[in-house]
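Trainee: structure for this input, please:
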Amino acid sequence: MVAFRSTEQLQKHRTTCKATKQVKRERLYPICSPNTPDRRTCGFCHFTCESRNKLFQHLGNCKDAKVGNIKPKELEQNTVKDPDSQPRIKEAPAVDFQDRSVMSRYTYLRVEASALPTADKVEVCLDPGTGRTIIGRSYLKTLKHTIENRRGMVKGIGKKSMKVTEWATFTFYLHGTDESGPTVMKFTKSGWVVEDDLEPNMLVGNDMLHPHGANICYENFTVTFTHLYKFTVDF
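Mentor: Predicted coordinates:
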């Protein structure tokens, strides 16, 4: 602190004092408060604006602000579920097929496959109810394949279980679309060979559907392999 002999000396000092200039600067240009959402939110209707200027424009037109009505804030829903709470019992509406509906004669997920990209198409089944792929011998003969001897048991074909002794590796093509447009996708798969002539020729099991992220959509009647360029086939 400096003592001055006269008022004139004090006034002269103020014109050169750095501390005085800093005080004036802070008064003229105060540090702005952070532009947080709560400083841009209407206190009446709780609408959050892009800026403080937008907020002032909003207040001029806000119906709640004009009448001084402060709306109650919506409470955030508690996302933590109580593990001890009882489940709610709800009932789904009764539905049934119409005689001529698209799904009225549905039997399985039929998709088009071929032995070569330009060969004739036949139907095979994408079957999420099958663990390992199963192929009929008659259809296997139309595909490029190799066979090795193995022993296993296949259940769920008809009402019986059957022993199987051959494990085949084969190549086939599915016809559909992906992110680039119409696509013919080549698959190399292995599965059990059965002597019975399967109506769908082949049951493609979860050993192929799961690794490729197959997503079955009954709304659009499509199966999308989400891990395979979103390759999609119709059924």
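
Trainee: next SSE downstream of the helix or strand of the chain with the lowest mean pLDDT?
Mentor: Every helix and strand of the chain was ranked by mean pLDDT, DSSP states H and E. The lowest is helix 18-28, at a mean of 57. The helix or strand immediately downstream of helix 18-28 is helix 52-61, counting by DSSP states H and E.

Trainee: following that next one, which helix or strand comes up?
Mentor: Per DSSP H and E, the first helix or strand lying C-terminal to helix 52-61 is helix 63-67.

Trainee: tell me the mean pLDDT for that following helix?
Mentor: Helix 63-67 shows a mean pLDDT of 87.

Trainee: now do that helix: everything it contacts.
Mentor: Residues from elsewhere that reach helix 63-67 (CB atoms under 8 Å, 6 or more residues apart in numbering): Cys42, Phe44, Cys45, Leu59, Asn69, Ile70, Lys71. Heads up, the C-betas are built off the backbone N, CA and C, glycines and all.

Trainee: who's in contact with the closest residue to the last one other than its chain neighbours?
Mentor: In this case it means Lys71. Among residues not flanking Lys71 along the chain, Cys45 sits closest, at 5.5 Å (CB to CB, 6 or more residues apart in numbering). Each residue near Cys45 by CB under 8 Å, 6+ apart is listed here: Cys62, Lys63, Asp64, Ala65, Lys71.

Trainee: what about the last one, distance to Lys63?
Mentor: Remark: distance between Lys71 and Lys63 (CB to CB, to the nearest Å) = 10 Å.

Trainee: the more surrounded of these two?
Mentor: Between Lys71 and Lys63, counted using other CB atoms under 10 Å, the more crowded position is Lys71 (12 against 9).

Trainee: ok, that one touching Cys42?
Mentor: No. With contact defined as CB atoms under 8 Å, Lys71 does not reach Cys42; the gap is 9.3 Å.

Trainee: now the longest strand seen in the chain: buried residues?
Mentor: Secondary structure of the chain per DSSP state E: the longest strand is strand 160-178. Residues of strand 160-178 classed as buried: Val164, Glu166, Trp167, Ala168, Phe170, Phe172, Tyr173, Leu174, His175, Gly176, Thr177 (neighbour count, 16 or more other CB atoms under 10 Å).

Trainee: tabulate the contacts of Cys45 (a markdown table), appending distance to Thr224.
Mentor: Shown next, in a markdown table, are those (distance: CB to CB, whole Å):
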| residue | distance to Thr224 |
| --- | --- |
| Cys62 | 46 |
| Lys63 | 47 |
| Asp64 | 47 |
| Ala65 | 50 |
| Lys71 | 44 |
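
Trainee: domains for the chain, by residue range?
Mentor: 37-67, 109-234 (the TED database).

Trainee: ok, now which ones touch Arg132?
Mentor: For Arg132, the contact set (CB under 8 Å, 6+ apart) comprises Gly191, Trp192, Gly205, Asp207.

Trainee: and of those, the nearest to Ile216?
Mentor: Ranked by distance to Ile216 (CB to CB), the contacts of Arg132 are led by Gly205 at 13.8 Å.

Trainee: run a quick neighbour tally on that closest one.
Mentor: Residues within reach of Gly205, counting by other CB under 10 Å, total 21.

Trainee: for the residue lying closest to it once chain neighbours are set aside, give me the pLDDT.
Mentor: Computed as CB to CB, 6+ apart, the closest residue to Gly205 that is not its neighbour in sequence is Thr130, at 3.7 Å. For Thr130, the pLDDT comes out at 89.
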